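Participant: Fold the stuff below for me.
(one chain, ligands or ions: 2)
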Amino acid sequence: MRHGALLKEIAMRHDDYVRTYAPRQEARATRTGSVMPAAYRPAADGSAPAAATGLDAYRVPQEPYYRALADEVDLYEAAYSVRLPVMLKGPTGCGKTRFVEYMAWKLGKPLITVACNEDMTASDLVGRYLLDANGTRWQDGPLATAARLGAICYLDEVVEARQDTTVAIHPLTDARRILPLEKKGEIIQAHPDFQLVISYNPGYQSLMKDLKQSTKQRFAALDFHYPEHEVEAEIVAHESGVGLDVAKNLVHIAERSRNLKGHGLDEGLSTRMLIYAGSLIAQGVAPLGACQMALVRPITDDPDMRDALDAAVTTYF
Ligand SMILES: Nc1ncnc2c1ncn2[C@@H]1O[C@H](COP(=O)(O)OP(=O)(O)OP(=O)(O)O)[C@@H](O)[C@H]1O
Ligand SMILES: [Mg+2]
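Facilitator: Ligands and ions are numbered 1, 2, ... in the order given. You can find the predicted model right below:
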């Protein structure tokens with residue numbers, strides 16, 4: 001490959017990578033109707049839409065369905081009003097991502113979500129120089145974009161990222177609210193609207209892989225749990241399209257599985273899995289088959305555990 005073509009390919013690959021940070025609203029948008037262009041949409045509080053900026057692509061275009069479980073909405077709003085960094089703690093599939101999408105919509109702020117993984121480096125978050133046909137150009141990472149332009153930056157599963165990545169967020173999460181771009185020789189003073197939110201699944205961490213106290217102690221935290229029976233059934237029915245009776249049965253099965261946590265299961269069935277099962281049933285799949293495909297098989301390979309879960313399924317379907 002020619003040198004110029006190779007550089008172009010590298011730049012394109014990077015652009016693909018950056019695009020994965022864009023919010024995934026399309027699926028819901030098609031289900032819930034047309035989407036008003038974000039630039040014309042007033043914020044939930046009725047104030048005028050923000051002037052067009054590079055952040056418009058990250059605006060949550062319409063109200064996400066979120067069923068509040070306690071006073072988390074008020075607490076988050078209070079935290080945002082003083083721009084406290086917030087940590088959302090709770091097991092997988094219990095509503096953390098949905099909550100932050102809802103809050104971004106309610107506050108009328110753009111949301112940049114980054115799914116963290118172990119290969120992620122500080123440069124992936126902060127930014128890097130890219131080579132292109134004209135030489136080098138600086139590309140802000142998602143954290144720098146959010147800090148510069150004023151978005152809520154949501155780092156999903158931050159504990160997965162390497163330690164240098166978590167340390168990069170420190171100056172943004174104390175009184176300084178700055179992000180040094182060392183390679184570029186620039187210090188970004190965070191926009192007044194900027195806020196950092198991270199998620200964290202307690203219990204999944206090993207001693208080697210946990211957030212440092214110096215990171216944890218920079219955040220206010222909200223605990224998330226699976227909702228109580230009636231509320232969870234309401235969510236499952238709403239999201240999957242099954243009737244409330246079927247949704248309640250799915251929740252019963254999940255509750256049984258959650259009692260097996262620590263007795264052969266690492267984690268019980270999440271609300272997300274119940275929605276998957278409900279969606280299959282709503283598509284016409286027989287409940288038994290749907291539960292096996294969406295609940296039993298994904299969560300365990302242990303024959304005894306599968307038997308125990310199958311027994312729970314046949315009790316309710
Ligand atoms: N309180 C809630 N209100 C509305 N929907 C909810 C609620 N809780 C869970 N859900 C539904 O459950 C699904 C899974 O929740 P979500 O993706 O927010 O989980 P999560 O906590 O971010 O999980 P993970 O830690 O794996 O990222 C959502 O897509 C949504 O449909
Ligand atoms: Mg999530």
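
Participant: which stretches of this structure have low pLDDT?
Facilitator: Applying pLDDT under 70 to the chain picks out residues 1-53, 204-208.

Participant: so what's the residue nearest to the spatial centre of it closest to, chain neighbours aside?
Facilitator: By C-alpha atoms, centre = their mean, the chain has its centre lying nearest to residue 97, at 3.6 Å. Sequence neighbours aside, residue 156 is the residue nearest to residue 97 in space, at 6.6 Å (criterion: C-beta to C-beta, 6 or more residues apart in numbering). Placement of C-beta: from N, CA and C, glycine included.

Participant: and that neighbour, how many neighbours?
Facilitator: A count of nearby residues for residue 156, using other C-beta atoms under 10 Å, gives 18.

Participant: Quick check, it in contact with residue 197.
Facilitator: No - Residue 156 is not in contact with residue 197 according to C-beta atoms under 8 Å; the separation is 9.2 Å.

Participant: ok now the host helix or strand of the residue nearest to the centre of the chain, how far from the chain's centre?
Facilitator: Counting by DSSP states H and E, the element that carries residue 97 is helix 96-107. Relative to the centre of its chain, helix 96-107 is centred 9 Å away, using C-alpha atoms, centre = their mean, to the nearest Å.

Participant: Determine whether any part of it lies close to ligand 1.
Facilitator: Yes - between helix 96-107 and ligand 1, judged by C-beta under 6 Å from any ligand atom, the touching residues are 96, 97, 98.

Participant: Kindly provide the distance from the second one to residue 264.
Facilitator: Pointing back at residue 97 there. 28 Å (C-beta to C-beta, to the nearest Å).

Participant: Give me the nearest residue to the residue in the stretch 101-250 of the chain positioned nearest to ligand 1, chain neighbours excluded.
Facilitator: For the stretch 101-250 of the chain and ligand 1, the shortest gap (C-beta to the nearest ligand atom) falls at residue 239, measuring 4.1 Å. Sequence neighbours aside, residue 275 is the residue nearest to residue 239 in space, at 4.6 Å (criterion: C-beta to C-beta, 6+ apart).

Participant: What distance do you get for the residue of the chain found nearest ligand 1 to residue 147?
Facilitator: At 2.5 Å from ligand 1, residue 95 is the closest residue in the chain, using C-beta to the nearest ligand atom. Separation of residue 95 from residue 147 (C-beta to C-beta): 26 Å.

Participant: more neighbours, those two?
Facilitator: Using other C-beta under 10 Å, the more surrounded residue of residue 95 and residue 147 is residue 147, with 27 against 24.

Participant: Helix or strand: which one has that one?
Facilitator: helix 142-149.

Participant: and the gap between the closest residue to residue 157 other than its chain neighbours and residue 199?
Facilitator: Leaving out its chain neighbours, the residue that sits closest to residue 157 by C-beta to C-beta, 6+ apart is residue 116, at 5.1 Å. Going from residue 116 to residue 199 by C-beta to C-beta gives 9 Å.

Participant: the more surrounded of these two?
Facilitator: More crowded of residue 116 and residue 199, by other C-beta under 10 Å: residue 199, with 24 against 20.

Participant: sec struct for that one, please.
Facilitator: Put simply, residue 199 is strand when judged by DSSP: H, G, I helix; E, B strand; the rest coil.

Participant: interface residues of the stretch 51-200 of the chain facing ligand 1?
Facilitator: 65-67, 69, 90, 92-98, 156, 199.

Participant: Of those, which pair is most distant in space?
Facilitator: 67 and 156 (20.5 Å; C-beta to C-beta).

Participant: what's near enough to touch residue 171?
Facilitator: 177, 178, 179, 180 (C-beta atoms under 8 Å, 6 or more residues apart in numbering).

Participant: try 7 Å
Facilitator: 178, 179, 180 (C-beta atoms under 7 Å, 6 or more residues apart in numbering).

Participant: what about stretch 107-121, how long is it end to end?
Facilitator: Taking C-alpha to C-alpha, to the nearest Å, stretch 107-121 runs 30 Å from one end to the other.

Participant: is it true that residue 99 touches residue 65?
Facilitator: No - judged on C-beta atoms under 7 Å, residue 99 makes no contact with residue 65 at a distance of 11.2 Å.

Participant: which of the two has more neighbours?
Facilitator: Applying other C-beta under 10 Å to residue 99 and residue 65 shows that residue 99 carries more neighbours, namely 24 against 13.

Participant: so who does the closest residue to the more buried one other than its chain neighbours touch?
Facilitator: Sequence neighbours aside, residue 66 is the residue nearest to residue 99 in space, at 6.1 Å (criterion: C-beta to C-beta, 6+ apart). When contacts are counted by C-beta under 7 Å, 6+ apart, residue 66 touches 98, 99, 102.

Participant: Go again with 10 Å.
Facilitator: Going by C-beta atoms under 10 Å, 6 or more residues apart in numbering, residue 66 touches 72, 73, 95, 98, 99, 100, 101, 102, 103, 105, 106, 235.
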